[in-house]
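Engineer: What follows is a predicted protein model with its sequence.
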Amino acid sequence: VYDDLSQYDSAISRYHESLRIRLDHLEKDLSSHGSALEETVLLTLKCMGNVYKVVDDIDDAICCYVKALEMLNRKYARHRDSVDEWCIMGLRL
């Protein structure tokens with residue numbers, strides 16, 4: 001909401017707070033809810049990166065985007081071992 005109102009400092013502050021809370025919950029919950037939490041963390045990182053980009057803080061924007069990409073890589077790496085098994089079962093992605 002703050003970024004839509006061009007209150008970028010407040011937006012960044014709230015995104016940091018949200019990210020901290022979500023990461024705490026994510027560390028505690030790696031079950032099926034963890035997947036949904038992971039998506040919210042990724043969205044928060046993307047939104048933070050977008051705000052940093054708007055205020056010309058390119059280094060922090062890139063940092064947010066890189067962290068999101070690292071999370072996505074870890075997420076898909078967890079499923080990489082299952083891909084061969086899925087192919088054998090006839091499930092193609």
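Structural biologist: Noted; the coordinates are in hand.
Engineer: for this structure, what helix or strand is lowest in average pLDDT?
Structural biologist: In the chain, the helix or strand scored least confidently by mean pLDDT, DSSP states H and E is helix 58-88, which has a mean of 83.
Engineer: Flag every buried residue along it.
Structural biologist: 61, 64-65, 67-68, 71 (16 or more other Cβ atoms under 10 Å). In this view, the C-beta of every residue, glycine as well, is placed from N, C-alpha and C.
Engineer: And the pLDDT for the spatially most central residue of the chain?
Structural biologist: The residue lying closest to the centre of the chain (Cα atoms, centre = their mean) is L42, at 1.3 Å. pLDDT recorded at L42 is 93.
Engineer: Could you do M89 as well?
Structural biologist: pLDDT recorded at M89 is 69.
Engineer: now the buried residues of helix 58-88 as CSV including distance to S6?
Structural biologist: Formatted as CSV, the buried residues of helix 58-88 follow (distance: Cβ to Cβ, whole Å):
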residue, distance to S6
A61, 17
C64, 19
Y65, 21
K67, 25
A68, 23
M71, 28
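Engineer: Nearest to H25 among those?
Structural biologist: Using Cβ to Cβ, M71 is the member of the buried residues of helix 58-88 that lies nearest H25, at 14.4 Å.
Engineer: So for the closest one, what's the nearest residue that isn't a sequence neighbour?
Structural biologist: The shortest distance from M71 to any non-neighbouring residue, by Cβ to Cβ, 6 or more residues apart in numbering, is to L42 (5.9 Å).
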